[in-house]
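Peer 1: what's the 3D shape of this:
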Amino acid sequence: MRNVGFRVPFVSIFLIAFFILIFSRIAVAEVEDLLAQINRKPAEERHKLLIENAKKEGTLTFYAGTNFRDTQEIVAGFNKHYPFIKVAFSTPGGPGVLNKVLTEHRAGAYQADVVALTGGYVPELIGKGILAKYKSPMVPFLRKGFVDADGFWPGVYAIAYTMIYNSQRVSPQEAPRRYEELLNPRWKGNMIMDVEAHDLFAGLIDLWGQDKATVFLRKLAVEQKVRFSRQSHTFMTQLVASGEHDLIVDGYMHNAVAFKERGAPIDYVVMSPTILRPPSIIAITSRSPHPHAAALFVDYHLSKEASEIMVSKQGRWAPRKDVKWTVEPEADLHVVSALEWGRKLRQLVELFNKSVGQ
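Peer 2: Coordinates of the predicted model:
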């Protein structure tokens, strides 16, 4: 009897888990199939169908990795075109978005319709079936590297790396033009770098191979005595502007432009190729309660108008090919792949830490 009493709950639990899995897959398929069917319609009919159903839905929930002001500007632009959709949004930051959707997924309480977050988190969400496949008609207008091969999870903005230097301590003639030049004795003890510059490291591995990139990083840490900082990139740029350090190895282009425009004594080097961090992506969730409104919102976020807002008002490197960035590099661009390196993030971090002696 004890054996029977043990097996019944076990079988029950197994069946419950089985049906949860089956129904979960059905629900995911329903959202993806719905979006795919709509996308097969002619453009005018497709847009009309989305609007008709979005009016019935009346709302959508958006979790954003960007700050409140920047998110609000995009939402305001969207509502000029679709005033009948109330957008409930929160801005918990990239890690916060990840935690919110994972918590909802575990609890089976699905609220988010659209998420925008750091690209490196995408593989985990895809692996758990949290993101729906949706190919926006805006995808053909996006820059190379801002969309996955199948076009389902497009990027909405990216951050470019540059070397930022103090223009009073470093002349334009001696400013390094290549990362390899940072191994010159001139820079020993005079550089600062993010202690989590994993994306730059990934980009260098892509371009140089793992052996060369690892040796370079180790020499920066051991021989050149680069200072690794846990402060924000904005704060590190302030340290360079104040003369505490000559140069940031992994500076952010938008910080360099903003500080220079405000008259700070800094300048920067546009590298060739210019390495971009994995773009932050936007996606519809696989259990979206309002998929029609969500599709309209994603389409707008990838529109020319939205990219112009992100570039002119927010200083971001937006995804559209027909919208110029504040600084348009003449050199080639290398965009670090969110899908590739997101899957290998743990190994990347371990190799980075080992190389710098952490």
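
Peer 1: only C-alpha atoms for contact and neighbour calcs from this point on.
Peer 2: Will do.

Peer 1: Tell me where the stretch 101-250 of the chain has helices.
Peer 2: 122-127, 198-208, 210-222, 233-241 (DSSP state H, counting those that start in this stretch).

Peer 1: Who does the residue nearest in space to the middle of the chain form a beta bridge with?
Peer 2: Against the mean C-alpha coordinate of the chain, by CA atoms, centre = their mean, the closest residue is residue 280 at 1.8 Å. Bridge pairing for residue 280 (DSSP bridges) gives the partners residue 157.

Peer 1: Contact partners for it?
Peer 2: 116, 117, 118, 119, 155, 156, 157, 158 (CA atoms under 8 Å, 6 or more residues apart in numbering).

Peer 1: where does residue 282 land in three-state SS?
Peer 2: Classification of residue 282 using DSSP: H, G, I helix; E, B strand; the rest coil returns strand.

Peer 1: Quick check, it in contact with residue 155.
Peer 2: Yes: between residue 282 and residue 155 there is a contact under CA atoms under 8 Å: 6.2 Å.

Peer 1: Is it correct that residue 191 is in contact with residue 250?
Peer 2: No: using CA under 8 Å, residue 191 is not in contact with residue 250, being 10.0 Å away.

Peer 1: ok, and for stretch 236-254, which residues are buried?
Peer 2: 236-241, 243, 245-254 (16 or more other CA atoms under 10 Å).

Peer 1: same deal with stretch 314-333?
Peer 2: Neighbour count says stretch 314-333 has 315, 316, 317, 318, 319, 320, 323, 325, 333 buried, by 16+ other CA under 10 Å.

Peer 1: Mind checking which of those are in strands?
Peer 2: residue 333 (DSSP state E).

Peer 1: In JSON lines: the buried residues of stretch 314-333, plus distance to residue 137 and pLDDT.
Peer 2: Output for the buried residues of stretch 314-333, formatted as JSON lines (distance: CA to CA, whole Å; pLDDT from 0 to 100):
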{"residue": "315", "distance to residue 137": "25", "pLDDT": "84"}
{"residue": "316", "distance to residue 137": "22", "pLDDT": "88"}
{"residue": "317", "distance to residue 137": "20", "pLDDT": "91"}
{"residue": "318", "distance to residue 137": "17", "pLDDT": "94"}
{"residue": "319", "distance to residue 137": "14", "pLDDT": "94"}
{"residue": "320", "distance to residue 137": "13", "pLDDT": "96"}
{"residue": "323", "distance to residue 137": "17", "pLDDT": "96"}
{"residue": "325", "distance to residue 137": "22", "pLDDT": "90"}
{"residue": "333", "distance to residue 137": "24", "pLDDT": "90"}
